[in-house]
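Enquirer: need a 3D model of the sequence below.
(chains A and B)
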Amino acid sequence: MSQPILDVDAWSRAATAHLSSDEALLAIAETDLDAARRFQPGAVALSTSRILSLQWLDRRVHVVGEWPLRDGELSLIDHAGVVSLDWRSGETLLARWELRLGLQPAAQSLVDAWHRWREGDEALSAANCRACGVEVPVGVVLCETCAEDEQPPSTLTLLRLWRFARPYRSRLLLGFVLTMLATSATLVPPYLTKPLMDKLLIPYQNGQDLDKQLVSLYMFGLLAAALVGWGLGWARTYVLARVSERIGADLRTATFEHLLNQSVSYFGSKRTGDLMARIGAETERINLFLSLHLLDFATDVLMIGMTAAVLFSINPWLALVTLLPLPVIGYLIHVVRDRLRRGFERADRIWSEVTNVLADTIPGIRVVKAFAQEGREAGRFHAANRHNLEINDRVNKVWSMFAPSVTLLTEIGLLVVWTFGIWQVSNDEITVGTLAAFIAYIGRFYTRLDSMSRIVSHTQKAAAGAKRIFDILDHQSNVPEPAQPRPLPPVQGRIQLDDVSFRYGNRQVIRRLSLDIRPGEMIGVVGHSGSGKSTLVNLVCRFHDPSEGAVRVDGIDVRELAVADYRRNIGLVLQEPFLFFGTIAENIAYGRPDAGRAEVVAAARAANAHEFIMRLPHGYDSLVGERGQSLSGGERQRISIARALLIDPRILILDEATSSVDSTTEKAIQAALDNLVRGRTTIAIAHRLSTLRKADRLVVLDRGEMVETGTHDELMARRGAYYALHQAQARQAEALLEDGVVGTGAVADGGVA
Amino acid sequence: MNVPIPFHWALMRDAAGHWCLEADGMVHARVTVARAFPISAPDDAVSVLDADGHELLWIDDLAALDEARRERIEAALASREFTPVIEAILAISSISTPSRWTVRTDRGNTELLLPGEEALQRVGGSSLLVADAAGVQYLIRDIPALDRASRKFLERFL
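Expert: Next comes the predicted model:
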């Protein structure tokens, strides 16, 4: 990269330098594309009298164009990730700047500033943080606090687990003390080697008698140390394993709860398999790390520390030689660490790929089979698996070399101690017993080093797992709970959409839509697929928040209300009703688990579901949902209507509620819906216009904009978009009749019934 | 939606052995009687449906009926229902499925073949439905109330 990236400050300074003394800078926005859409740093500056175009050329900032503000109109449009900032005078395009979507907020601020200038607003130089609204200097988009929040999380992710360990700190301390004691107990037997050699065995070899009393004393000491070590080891493992199991469970619960509070769009952008793997496998891995590997490691470190102290107290020189290989091993571990970590992270991602194939294929098995694509799916799985193997092979290549190297170093270390020890014994500097004690100590010592080296991979794996968990935990829901939610008075049901825009990724789905729905009014929303109907409903349900504008209920912005409080007032009936595994009664009472049996039955009756439920072998106790009784689409739909009826919502959303069933069933559902709609504010989306006959008002959407609104008759008389849709559907129905497709089909059913 | 509660009704058996309902002077042949909550509240609500599955009579509380009518309803239910209640599991052939269980039920001892673990379905709190390979459903009303041996067997599958 030869071009330096200029920050906003640099652009501001360059622009300010160009301004005259009575002129002030209002806003500045970076651009990053030239007219041919090649990457080229630039900026647009707005002053109190001019609009300036700046560019980075020949390592300097040049002002390449300027226009008086009085002459033009500033507007912003975006398409496919590129934002165009247009400066026109009447129909003439004077200038166009282009930038990638990432820079859009600053460009939007610029346009806003221009609007304010045009309206003669006094607060000219004020700009606000896009995220929190705090006042910031011109050209800055996010205030410091918000910008900081966007930084990636630190790599010391494992330490963040402390948040989950804190509630158990007293038990952790107990575990630590037990570990210290247990480790000390294991250090006793090698220590006894020295007197055993020097006071018993060597004198005996030199012809003295064995001191029987002393023998039994040492033997008893060895046994006692072993027993105490066993008891303490058991207690510490039990205490710490219990704690870590609880930490793991807390982590899992916290992650799942956090996940449940994410917006619907978050789930749309994530794969089920990946999320399931994170909550299941990753928390388990962290758990295992805490309960087993970290515990062992801590014990090992303690043991090494204590052993070193004992060795130095016996003979400093020999101790020094004994501990010499330690830094070498440490270095080796350090070298391999980085390569292993990257390897394990990749292996994890590939593993998610494997589970993703499963999660994609199994729910879609009917599609797979219908299109005879079993081979392709098997191939996909095969490829993911092969990929997994390749990555793991590469990781294992490094890994497999690691452990034997440690063993080799251990052997060399022992060799050094023997050599140095024999030399010292021959010089009468130490006794045979001392050498024997050293060998006994480091025999344990080095085998621990071997197992300690494994902590590297365990830590890396656990850190990778923790990072993936915290990825979820750090993700703030984009439908945030307000800090101080307003209490929601009993809802009347007035819904206002106030100049609402919504962007999904780089696509503008809803453009400046305004709509006022009276309490109890039924609104039918029609339009081609992709016209933004479902998004409109998602905004009203607050599954998303609008990018601009506001959704108000009874005059209150829904963002000021607690999400759950607000949603409690909404009944939602979807095209594909989802039934949870459980009985029919439980499914109907999903929104109000405390509802009595009589209420459940009454709701089912109103939803036209009672009779078919009574025909099932177990009535309301029949199991439905995945693994349960199979119900037809219409039956499931009526259960979901009963579910909505039972919570008695003031606001009702019907998202293509009848479009996946035949017309006989539709009649039954329609009757149920008529019961449901009565007296409630209703927004109904339907592809089939006939199902909206009861709507008070129809809204026609096209590419995110409201193109028409009015009653059926008004819209028909206007002969606009609605009329065209209506005619197209009428022609379609006729064509079906003529083709005789309907002999056993939907329309004929309707005719007979 | 109105709840069908006729002013006067009587349930009886015709010569062919089918149940019929006489309600406010109309006679409906071949009716079926069904419990609304056969597992969670068997003695609560009962419905009488005609041959097409439309509801003719809704009884809110079976226990509140007079004895003669209740006996008729119970008789009609008995001729339609078959859900043996397992009181104890005496033996199992293997801990992997399919597994043949020897059980003691309220209708006597019998054997059933459990085709897979998914044939065990929890209903409500502690009840369990056991669907055997032949399509008969057995009910365990309260798992903790089973004897120790039976619970041990069951734990292998849950």
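
Enquirer: how much space separates A:G520 from chain B?
Expert: 21 Å (CB to the nearest CB, to the nearest Å). The way it works is simple: take the backbone N, C-alpha and C, and place the C-beta from them, glycine included.

Enquirer: so who does that residue touch?
Expert: A:G493, A:G679, A:R680, A:T681 (CB atoms under 8 Å, 6 or more residues apart in numbering or on different chains).

Enquirer: so which residue of chain B lies furthest out from the middle?
Expert: Most distant from the centre of chain B: B:G25, at 30.3 Å, with distances by CA atoms, centre = their mean.

Enquirer: least confident pick among the contacts of A:G520?
Expert: Lowest pLDDT among these: A:G679, with 82.

Enquirer: hang on, the earlier thing: now flag whichever of the contacts of A:G520 is closest to chain B.
Expert: A:G679 (15.6 Å; CB to the nearest CB).

Enquirer: what sits against the closest one?
Expert: By CB under 8 Å, 6+ apart, the contact set of A:G679 is A:G520.

Enquirer: helix or strand for residue 74, which one?
Expert: Here I'm looking at chain A. strand A:73-79 (DSSP states H and E).

Enquirer: ah, I was thinking of chain B
Expert: helix B:67-78.

Enquirer: run a quick neighbour tally on residue 20.
Expert: Picking chain A for this. Residues lying near A:S20 (other CB atoms under 10 Å in any protein chain shown) number 9.

Enquirer: wrong one, chain B
Expert: B:C20 has 18 nearby residues by other CB under 10 Å.

Enquirer: over to the one 3 residues further on?
Expert: Neighbourhood size, B:A23 [other CB under 10 Å]: 20.

Enquirer: which residue packs closest to it, ignoring adjacent ones?
Expert: Using CB to CB, 6 or more residues apart in numbering or on different chains and skipping residues adjacent in sequence, the residue nearest B:A23 is B:P6, 3.9 Å away.

Enquirer: look at the one you found and give its secondary structure.
Expert: Using DSSP: H, G, I helix; E, B strand; the rest coil, the three-state assignment for B:P6 comes out as coil.

Enquirer: state the distance from A:G375 to A:V367.
Expert: 14 Å (CB to CB, to the nearest Å).

Enquirer: pop the domain breakdown of the chain in here.
Expert: Defaulting to chain A. In the domain annotation for chain A, the residue ranges read A:8-149, A:157-474, A:479-569+A:649-753, A:575-645 (automatic domain parsing).

Enquirer: hm, I was asking about chain B
Expert: Split by automatic domain parsing, chain B gives B:9-78, B:86-155.

Enquirer: any residue of the last one touching chain A?
Expert: Right, the one you point to is domain B:86-155. Yes - using CB under 8 Å from any CB of the partner chain, we find that domain B:86-155 touches chain A at B:E118, B:Q121, B:V123, B:G124, B:L129, B:Q137.

Enquirer: correct me, but B:P6 touches B:D24?
Expert: Yes - the pair B:P6 / B:D24 is scored as a contact, 4.6 Å apart, by CB atoms under 8 Å.

Enquirer: distance from the lowest-mean-pLDDT helix or strand in chain B to the middle of the chain?
Expert: None of the helices or strands of chain B scores lower by mean pLDDT, DSSP states H and E than strand B:120-123, at a mean of 81. In terms of CA atoms, centre = their mean, to the nearest Å, the centre of strand B:120-123 is found 15 Å from the chain centre.

Enquirer: name the helices or strands packed onto it?
Expert: strand B:127-131 (3 or more CB pairs under 8 Å, 6 or more residues apart in numbering or on different chains; DSSP states H and E).

Enquirer: just the residues contacting stretch A:538-555, thanks.
Expert: For stretch A:538-555, using CB under 8 Å, 6+ apart, the contacting residues are A:263-265, A:478-479, A:489, A:491-504, A:510, A:512-514, A:535, A:557-559, A:561, A:563, A:566-567, A:569-570, A:572, A:651, A:653, A:683.
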